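*Asks:* Below are the sequence and a predicted model for it; my questions follow.
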Amino acid sequence: MFSKVLIANRGEIAVRIMKACQEMNIKTVAVYSDVDKHAPHVHLADESVSLGDPTPSESYLNIQKIIESAQKVSAEAIHPGYGFLAENPDFAKACKDSGIVFIGPSASVIKHMGDKIEAKKTMQKANVPVIPGYHGDKQDVSTLVHEGKKIGFPLIVKASSGGGGKGMRLVKTDDELEQAIEGAKRESKSAFGNDSVFLEKYIDKPRHIEFQILGDEHGHIIHLFERECSIQRRHQKIIEETPSPMMTPKLREQMGSAAVAAAKAAGYTNAGTVEFMVDGHHQFYFMEMNTRLQVEHPITEATTGIDLVKWQLKIANDMELTVKQQELTQHGHALECRIYAEDPAHGFLPSVGTLSKVEFPQGPNVRNDAGIEPDFEITPYYDPMLAKLIVSAENRTESINKMIWALSQYVVLGVTTNISFLAQVLEHPEFQRGNITTHFLETFFKDWTGGKKGELPVDALIALAVYDAMHTQRQELVRFKEADPHSPWKHVGRWRMGT
Amino acid sequence: MFSKVLIANRGEIAVRIMKACQEMNIKTVAVYSDVDKHAPHVHLADESVSLGDPTPSESYLNIQKIIESAQKVSAEAIHPGYGFLAENPDFAKACKDSGIVFIGPSASVIKHMGDKIEAKKTMQKANVPVIPGYHGDKQDVSTLVHEGKKIGFPLIVKASSGGGGKGMRLVKTDDELEQAIEGAKRESKSAFGNDSVFLEKYIDKPRHIEFQILGDEHGHIIHLFERECSIQRRHQKIIEETPSPMMTPKLREQMGSAAVAAAKAAGYTNAGTVEFMVDGHHQFYFMEMNTRLQVEHPITEATTGIDLVKWQLKIANDMELTVKQQELTQHGHALECRIYAEDPAHGFLPSVGTLSKVEFPQGPNVRNDAGIEPDFEITPYYDPMLAKLIVSAENRTESINKMIWALSQYVVLGVTTNISFLAQVLEHPEFQRGNITTHFLETFFKDWTGGKKGELPVDALIALAVYDAMHTQRQELVRFKEADPHSPWKHVGRWRMGT
Amino acid sequence: MEDGNIGMFINYEHANHVYNVTVERRENEFFITYDNIEYTVTAQEIKPGQLNVNLGDRMIKCMISEGEDRKYVFINGQVFQVKRVELTGRRKTEKKETDLNSPISGTVVSVKTKEGESIQKDDVIMVIEAMKMEYLIRAPYNGLVKKINFKEKDQIEIGKLAAEIERTKED
Amino acid sequence: MEDGNIGMFINYEHANHVYNVTVERRENEFFITYDNIEYTVTAQEIKPGQLNVNLGDRMIKCMISEGEDRKYVFINGQVFQVKRVELTGRRKTEKKETDLNSPISGTVVSVKTKEGESIQKDDVIMVIEAMKMEYLIRAPYNGLVKKINFKEKDQIEIGKLAAEIERTKED
């Protein structure tokens, strides 16, 4: 096994990876930008290397600095976590070129799966269902109209270079098609300098369901069942669960096989995720493959008992995957909530500040993956995710109840968080029934402003008054009173003077 | 479901039960003696009732005070935890008589199983193997010798009223028998005022293996597999694990069926444990039934995904046990270490004092069931168990490694604990091979005095010196220096004066 | 010197509402008045900022931390950001001007001056009683009483201007 | 007044061994000497009692808390109970007697008196150097020098009696 691993990341995922290393007796190296000098991942590591300037391109995204850091401390391998350089094929290649093991799939797999059109072609060849669509080079309007009619309606026109809804059109009927294609092309040209578009079937009641994959360097590939990640705001997952409330054993078997086929077609090794879109009729379509550890990996760990990060390390160290598909089962139900420093009542605006208090809920089957501690400052440089709360229980209902309880015990003071928002999502009757799609939040929580009325409860006033009275010295009171007849301190008539 | 439950206990088990109640939206009531006024279980409860005098008989063992407390706050049920009144049939009866639900089996089952000879007779009738022996009323020496020869050798002679090894003899051969019986009788008479003895087959390479049971009020009884609890000091378990490293699927099936048969024979309801002794040839014998929640229940929860405390509450509330035997499986491997305030290097002498620092290890599949927090005072009144550390992983080796890592992160300052001792037991090659019996500790750790040499590491000296330098004010230094030429503070020649 | 029991008026602001509270401490007991109800509680700070407040049988559990200009209160799974306000805009500095707004809602017990009268800095203009405590409105500077907005037995609300004083020019 | 850098001699006792350490602080750096080796470290107290000490590439992580008469040190999963001792039994009280035992192990640099001489309280008897610092043994009371146990350039060990002084009777 490696004797020293550098973790090219920060926050909760760096902490989680370091703890896995510690269990395996692997020394850990943290990298940190100036604002992270006193971050938990630095405190936890055996060694740490400064990256300087907090700008991501100058720190956690800077390939050269990170490779040099690893060389400086003689780390044999680098774990990229998720985000930052995790899906950057140049980084994987730079590691290899420097004789450092990149903990993840090969650079070529990352590159291939990173090109979404190429990835879909590979999947089609492997008979993995993809969303019917046209991704061809012929971009004249008549070809596009012809292809669109073949796909059927409703369909979506999307800019090839697109993002953020620009150059996108939903087409419900035949006769809207030509005009929509022309409009999308114009918008795409002006937004991205490129008028290339593609067409795709529109999915009704879409659910985001993904399958966890583990593959070794010896030809073994297994899946570790599904995760339902439909609760998203602006394509950002915030609550994930497994099993999916819509899953049937048959569909799980089909999708699991498709996921393994997809991974095999890609020549995949290490941990990865095959993301599918599932419609209201249980039709599923390959969306993309994430060639890295996923934020929501703990719910798979909670229900399968498999430690994905330890397996990443073992696989990168050329060990054989000894976990057999047929031995794997799902136990109970797990939920994850992502705790963000953001204000859900004000457009999910990120919140910055110094954390004055942090207390995690503690109890059986409550897991806290956290990158925060008291006195740590949340800056605007990086993703505002502070921590993840994972719970598991015998079934979905108990899991939801446990999560609601755990959120009610979760203390983060100093920034605004989404904790109350998460609790209210979990309490929503449609969520509790499992009737969720990727449109859930925009349907039920579009203009959420705090839910319960914003009045300060009497209990809070009582506690505040007691706190303030406790923390004001008697001498101070007397001095205030003497010096300033207008001070808020007064003798109280009811009591007698003296001792 | 109950709306309010009183927990007639303290420490980690009271905390654990309260958290289960909170998840289920049940209000909790703590009881506490004077020394526990600021204990964690009191802080956690919604309400609390003082029991006064810390002497157990005046507080946690005082049936009347506890019943009155429950009546005062209108609690509908009482959870007794383990220890104290948990296996006291009078308490179960007093609850019932007061219209309060006792969360556990009926008073008559508790009473019946509490009489060890009666319990064994019941088991024999139900074809559950018991240790061959003679427990009869005929106490003349010739009868005893005759029965002893029927049992075979080696055998043990034990005082019926016995305990602590008094009135006990190991008999290896036929010709020692008569003399041993006479000796045991004499000793028993003088120690207990009663010369009644019983005879039992002596078990070679004994392992303590127990099966968890859950039964409802509707006739369903299941077992939740085994726990191996052979690591004991003076009959006190300190490390428990599941699955047992010696278990085979066939033996598990046999013992599980025997445990269910035992529970059925006893008319058992709620959570309980059937304890067996298993010898080196995989022969197992019923030892006793614990009619309550067990200290080591979390390792069963970790591997089966079942929440035993929540089921205790549901069953006591007349709900049906919906968990089916055939659906239950064991996932991975779990270990529990009991953290005691005691000094293993000095005869496990209890250690008292105020806890100055408490930090629990945190990580995936690490569970802390704790009854301590910083500034809490450990008194000599109660059991010195502070907390339990439970970990689980894919297999026994990883579970042991995780436990060793977690123990290395476990900070309890202010009293002496057994944490280093636990780590060294886990590191022992024979433990790691799974070669354990109830004699393990006395064989390998009899005169343990701290294991590693007791020298203070240089790192500790460096840290202490830095700490002391950080926490001494410059002014103080200068003042000391000025006032007292013999103070430990000196100007250092190497550096220049001034800023 | 008197060093008996002392009470405190506090104005807490949350979400644009101001909550007017008094608190008195007597050894281990606290008497809190809000909205004309008095709460008698005992309390314990388990660790810094973590309070358990016993209100009869009920236990209020809460966590309080201090930010730069506000307090954060965690209670029943919710977080509230609360500022302590001086309604009149006064700051607690060494030298400060008193002002003419009532810091509490209460009853005018007596009015010590008349419109048209000259008044010296710190002279009492009005006495207001609220929740068994008396509060004095004093002149913030030397001047002429232009208007008195309340008379004896009137109800005066928190933040309301008690009187107007035309300041004497000083040079 | 001098207020430059200041060093500190500390004697830590653990399991009947005494460890003699010096520490000097210069802004963020600490220079610790033990057993003739100097360690240069930087350190950070992450939260009260929790120290991360950087010694070159290596990070020493440790937790320290103070009990009534000892410190608890948690390091690498082990706990050590350590007392800070005044080897000579002196207490840090307002008025205290100095004494004649060496508080450090070091070299005798000079001897300032002779056997048979009269000596006044606080007169220097011997100068001991250790780890670049000088330490003075002074007379704890007026008296007669009966015996001097070390001469110049001798090694003297911690706790050893430097000299014997017969105390002058005072009345």
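*Replies:* Yes, it's here. Numbering: from 1, shown residues only, chains lettered A, B, ... in the order given.
*Asks:* low pLDDT regions in the stretch 351-499 of chain A?
*Replies:* A:451-453, A:473-499 (pLDDT under 70).
*Asks:* can you pull out the helices in it?
*Replies:* A:396-408, A:419-427, A:429-432, A:440-444, A:458-470, A:474-483 (DSSP state H, counting those that start in this stretch).
*Asks:* and of the ones you listed, who's closest to chain D?
*Replies:* Chain D lies closest, by Cβ to the nearest Cβ, to one member of these: helix A:458-470, at 20.2 Å. In short, each C-beta sits where N, CA and C put it, glycine included.
*Asks:* could you dump that closest one to PDB, C-alpha only?
*Replies:* Extracted in PDB, the C-alpha atoms of helix A:458-470 (Å, rounded to 0.1, in the frame of the first residue of the first chain):
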ATOM      1  CA  VAL A 458     -40.700  33.700  23.400                       C
ATOM      2  CA  ASP A 459     -38.300  30.900  24.400                       C
ATOM      3  CA  ALA A 460     -35.600  32.600  22.400                       C
ATOM      4  CA  LEU A 461     -36.300  35.900  24.100                       C
ATOM      5  CA  ILE A 462     -36.200  34.300  27.500                       C
ATOM      6  CA  ALA A 463     -32.900  32.500  26.700                       C
ATOM      7  CA  LEU A 464     -31.400  35.700  25.300                       C
ATOM      8  CA  ALA A 465     -32.400  37.700  28.300                       C
ATOM      9  CA  VAL A 466     -30.900  35.100  30.700                       C
ATOM     10  CA  TYR A 467     -27.800  34.900  28.600                       C
ATOM     11  CA  ASP A 468     -27.300  38.700  28.600                       C
ATOM     12  CA  ALA A 469     -28.000  38.800  32.400                       C
ATOM     13  CA  MET A 470     -25.500  36.000  33.000                       C
END
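*Asks:* Spatially central residue in chain C, please.
*Replies:* residue C:9 (3.5 Å; Cα atoms, centre = their mean).
*Asks:* would TSV of the helices of the stretch 351-499 of chain A with distance to chain C and mean neighbour count be doable?
*Replies:* Output for these, formatted as TSV (distance: least, Cβ to the nearest Cβ, whole Å; neighbours: other Cβ atoms under 10 Å in any protein chain shown):
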stretch	distance to chain C	mean neighbour count
helix A:396-408	3	21
helix A:419-427	6	21
helix A:429-432	17	14
helix A:440-444	20	16
helix A:458-470	4	22
helix A:474-483	5	14
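*Asks:* now those as TSV including distance to residue D:106?
*Replies:* Listed next are these as TSV, based on distance: least, Cβ to Cβ, whole Å:
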stretch	distance to residue D:106
helix A:396-408	59
helix A:419-427	60
helix A:429-432	74
helix A:440-444	72
helix A:458-470	51
helix A:474-483	49
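*Asks:* Can you name the element that comes right after the helix or strand of chain C with the lowest mean pLDDT?
*Replies:* Lowest by mean pLDDT, DSSP states H and E among the helices and strands of chain C is strand C:133-138, with a mean of 73. Under the assignment DSSP states H and E, the closest C-terminal helix or strand after strand C:133-138 is strand C:143-148.
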